[in-house]
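Novice: Give me coordinates for this.
(2 chains)
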Amino acid sequence: MIEPPSLPGGAKWREWGIDPAWSNVIDVPSHDGSSHRWHMLDTGRPETDEPWATIVCVHGNPTWAYAWKSFLTRFAERHRVIALDQLGMGFSDRVSHRGYAHRVADLGDVMRSLDLDAETPLVLAAHDWGGAIAMGWAVDHTDDVDGMVLCNTGIGVPEGRGAPKIIRLAASAPLRDLVCRRTSGFVEGTVRLSGDRIDAIDRQAFRAPYREARHRQAIADFVGDVPLRDGHPSAPALERVSNKLGGLDAPVLLAWGARDIVFDDDFANDLAGRIPNTEIQRFGEANHLVMAEADVATTVDTWLTDLLSAGQLDGAAASADLSLVGSSVFDGVERRRSDGAVAVHDAATGTSITFADFARRVDGVAAALRHRGLEAGDRVAMLTPPGVDLLVAVYGVWRAGGVTVIADRGLGLRGLGAAVASTRPNWTLGPRAARMASGAMRWAPGATHIDTAALMSEAADPPVTELPAPPTPGDDVAILFTSGATGPAKGVRYRHGQLAAQRDALAATYAITDDDRLVAAFAPFALYGPALGVPTAFTDCDVTTPGELTADAFDLACAAIDATMAFASPAALANVVATATDGDDRAGLAALRLVFSAGAPVPSEILHKVRDLTPRAELHTPYGMTEALPVADIDLDGIDAAEASDQDAGVCVGVPVAGAEVMIAPLDFDALHGIPPAVSTGGFGEILVRAPWVSDGYLGRWETQRLARPGGGWHRTGDVGRLDEIGRLWVDGRAVHVIRSDDGPIASVPLERALERQLCPQNLVTAGRVAAVGIGPHDCQQVVIVVERRGGKAGLADEVLAAAVRGALEVPVAAVLITGSMPVDIRHNTKIDRLKLATWASEELAGERARRPRRRR
Amino acid sequence: MEILVTGASSLIGTNLASELVDRGDNVVAMQRRRSSALSASVRQVVGDVADLAAVKNAMAGCDAVIHLAAKVGVIGGRDEYVRANVDGTRNVLTAAQELGVRRFVHVSSPSVAHDGSPIVGGGADPAIVAHGTAWYPETKAIAERLALSANNDDLAVVVIRPHLVWGPGDTQLVGRIAERAAAGKLALVGGGRALVDTTYIDNAVSALIAALDAVHPGAACAGRSYVIANGEPRPVRELVSGICVAAGVEFSPRDVPLGAARRIGTVIERVWPHLRRDDEPPLTRFLADQLGTAHWFDPRPARVDLGWRPRVTIDEGLQRLADWYAVGETEPGGR
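Specialist: Next up is the predicted model:
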């Protein structure tokens, strides 16, 4: 037997950031009749009165226990972390070739030899091939395993694809020996994949046990154990484990580096399909060594908190009970199945479709999709531009049991691509150009493309007529994307029941009946039309630039279907007002009974001008977000009354709509401690909402979702504000934008509104183009006001503006800055990224960039 | 209370002594020359803090000490700074220990912890001794360490670092800005956009009194340092402009980029001692850093431990300064 590399000394461990006391060796009697010496990093029992867990970490190939450094250092004082070096790896004994089944038995040997408390919850954490081995042990010890964290691993190749090319290449025997054993190629390659997300110390530590060829035999053996050919000796054992994963009922967190080209997202989804109780957290920027590259430990910390307090959270369901939803998104379509009235009209092309044809085409599309192989739960990225075909396709996908991925170009092309890619769609549906784009930019690498035109002609004469049973309220229906105004766009998951409840809430709030006809100047809103069973028209306006909607185009679309109601984005309404010349006859607009606008704050000045164009219409602005819409509603008279009643407040968004509950919780409450207490009436805090139509959660962002869902069906909006004594909700901005001064929190929006009210008349500021941000450390931040002057020179404001700003506000203002252009989102062109602005302001007012971090006491 | 104030002829000292007298304390003022600015109720003892016997003589019978005496600026050799700031502080501490004084307020400077990088919401970081050839921060850093290490169960020491004190009668900051502006020689480093906190004179005085009242053996503040400022950082440009308006002089500054200011300051610092001039140089490396980078602090430690909040805002301070200039810059303190 070859000796393992000699163990590093204390100084070396400390240089690597590892406590030398953690490094231990134990002799373990083996199932093979001999005894092997195992090396491990063991933090020992924590001295704590809090509940704690034992976390046994199993590394993959070609790493070692050091791969779990982030877990060891973060949890050492609160849990017991034992990171093993597998036999032949790290600083454990070098052994002759051991196949998968032996490896699983080895793990069993060492688990028996570890001095574990039976009373302490056991969590297995595993990476890469360590994952397959840990799963192999877990399926036969389901009663002992209280939880698992699996990082970039797999148990088999996901259905419908081959093994990763790079592994095939490395697995051919001569090449394998060259790359894995004779040279350090495989070790180097693995370390290099992490780029600058790991540092020089990490690289040195990862290489340390594998400096000589004789120490690298197991690396080659592991690669050789991947069952790429028929009749591979390890294949049956892997298959057995894979088949037993359904019995693993403990919670499993899949923490995934999304840039891994070997164990990519498909492997995570594959495991999620095999193991009953999984959550996925993707780390978008991380590659294979995700625990070393990204802050997985923080996510695991949150997850462990839940795991160890599971008893307390019983009954605190994350979302509403969908069994109570009795309606379906297809109700509108079914109700008007034999109606010859226009269901959808596209003012850009002049095309229309009747309700009867719509229902028939939807069925046809569903049948054609099933014939093409679409299965229930398949994700379909909708790349079809707005129009009749888009609505037919969406309802067709839903009817076939598919899940639509709806990301619009309002996210920007890069944002759109990243959004689509994060959903790993099985299918893309769009014109030929969309296929080229998604192919060239790798939006949907594993997806099959469906040409919209081809699908529509198949739908006219469907190959099968038998359709599966309609989806149930609990089935997934869609993934929508937030606007990504702060950070990357998040995928929001909806189930059928939630979408149906949302449709019902809109119908009830706006008293929508079959006699209504809808114009959707914000294209995604047209999706509700068929569900509501009302004729729906798209306006002639590019979806990426809703702010270019003209008064004439808006009027034409309304006239075309004799519309009774119209939904437009705030930017679109602003342009409609700007392009309306006096005296023109706009019969289409004049006939509207309802105009509503949402997505961003709608200035009342704009609404008053809209009212001049639509004298018969009630003007409403529902409040809500991608995750929950509507939450509250207010009309223009209500806005005017609110403006008159409180000059120092944020934006009044009205009273909660029927069926929705709103609660104000203390700022910064900890969602892991369950449902927060409500603050008293009039008190400031974070806005929570509960309604049957609140979305199911976020896609691949378990931690974000967990922190947004304290339990009891409540959703944390991330907005701050208050409820007044007559039940109206006031929104004061985003929680992350609240300025944390030494005298308490200061919300951004009330300051901005005060400046707009007082300084707009003097033309010192433009509405929507002034921002209040905080700079400096949390809880001693200073207020800085940033004013946009288009094309103006960035820097300190002049004395006049600075004095006017200070005169208009009650709070101390450290500085007033001018910027040439505000950082805003693409979709609405109004949501100011105040965190980005604060970073800029902070650098500007530092005089120079900080050369190094300040020492802290 | 019987209180010894060293260095009482300074702007802070004069205001502090009169405030203490007003509230009924007995004040012994020790400085090298008799000061006409101090009120008649203050007992003046002429002497040098570098002379231990003189210090003991002045401190006899006192319950508390506020140690303000220091050599400031950049003129002079290291020995002079050591004598005034290090030896002087050691003597005042020694005398306090020997005479059984219980309360000791040591006045330091934020510059003792400053390494040239911006300070954004910073705390009272530990004093660092290496400051190149800037003898003032170096010797004040040594003095502060002496003071903190003298804190024990018998003698409670608190260190107060007032940041950029200004007000009516101030020749260091206000006087030099007004003089430079009147001569058309006003320059702002980096456009004056660095956010800098300052201390209006009355607030510096009330902070020292709060520290005096708070410090006693075992108090939270004993053995700790606090930065004192108005808690209203403003861009340098706005402050300087405000001071010019108050002084009735034109504000039309030139702009000097920070890098250039640092280089010029470094050169002047080297050359100035050889010129044998007795005035302060127009710019130093230290001053370039002070005027060109952000300096503002977390107000909470002083609020919590000393129970102190500033009473006069920047805008009120500027108004008082304007009033003082309007009546002809006679009475220091202007109150």
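Novice: all contacts plus neighbour counts: C-alpha atoms, from now on.
Specialist: Noted.
Novice: quick one: contacts for residue A:404?
Specialist: By C-alpha atoms under 8 Å, 6 or more residues apart in numbering or on different chains, the contact set of residue A:404 is A:379-382, A:394, A:397-398, A:477-479.
Novice: Tell me, please, the helix or strand in the chain that averages the lowest pLDDT.
Specialist: I went with chain A, as the question did not name one. Taking mean pLDDT, DSSP states H and E as the measure, helix A:165-171 is the helix or strand of chain A with the lowest mean score, a mean of 70.
Novice: oops, chain B please
Specialist: Between all helices and strands in chain B, the lowest mean by mean pLDDT, DSSP H and E belongs to helix B:285-292, at a mean of 77.
Novice: Check which residues of the next helix or strand after it are buried.
Specialist: Counting by DSSP states H and E, the next helix or strand C-terminal to helix B:285-292 is strand B:295-297. Within strand B:295-297, the residues that count as buried by 16 or more other C-alpha atoms under 10 Å in any protein chain shown are B:295-297.
Novice: pLDDT of strand B:295-297, averaged?
Specialist: Rounded to a whole number, the mean pLDDT of strand B:295-297 is 94.
Novice: Tell me the helices and strands packed up against it.
Specialist: strand B:119-122, strand B:195-196 (3 or more C-alpha pairs under 8 Å, 6 or more residues apart in numbering or on different chains; DSSP states H and E).
Novice: quick check, distance from that strand to the centre of its chain.
Specialist: Mean C-alpha position of strand B:295-297 versus that of the full chain (C-alpha atoms, centre = their mean, to the nearest Å) differs by 15 Å.
Novice: Need the contact partners of it.
Specialist: By C-alpha under 8 Å, 6+ apart, the list of residues contacting strand B:295-297 from outside reads B:118-123, B:194-197, B:227, B:229, B:231, B:233.
Novice: Okay, residue B:93 and residue A:38: tell me how far apart.
Specialist: Noted for residue B:93: a distance of 61 Å to residue A:38, by C-alpha to C-alpha, to the nearest Å.
Novice: Residue B:9 now?
Specialist: Applying C-alpha to C-alpha to residue B:9 and residue A:38 gives a distance of 75 Å.
Novice: and the residue positioned nearest the centre of chain A, what is it in contact with?
Specialist: Centroid-nearest residue in chain A, with C-alpha atoms, centre = their mean: residue A:490, separated by 3.3 Å. Residue A:490 is in contact with A:419, A:481-482, A:484, A:698-699, counting by C-alpha under 8 Å, 6+ apart.
Novice: nearest to chain B, of those residues?
Specialist: When the contacts of residue A:490 are compared for distance to chain B (C-alpha to the nearest C-alpha), residue A:484 wins out at 29.2 Å.
Novice: Run a quick neighbour tally on the closest one.
Specialist: 20 (other C-alpha atoms under 10 Å in any protein chain shown).
Novice: re the thing from before, other SSEs contacting the least confident helix or strand of chain B?
Specialist: Short answer (3+ C-alpha pairs under 8 Å, 6+ apart): helix B:285-292 packs on strand B:187-189, helix B:258-271.
Novice: close to chain A, is the shortest one?
Specialist: No. On the criterion C-alpha under 8 Å from any C-alpha of the partner chain, strand B:187-189 is out of touch with chain A, staying 8.7 Å away.
Novice: Can you tell me the strand partners of that strand and which way each runs?
Specialist: The pairing partners recorded for strand B:187-189 under DSSP bridges are strand B:254-256 (parallel).
Novice: which parts of the partner strand are buried?
Specialist: The neighbour-count check on strand B:254-256 (16+ other C-alpha under 10 Å) flags residue B:256 as buried.
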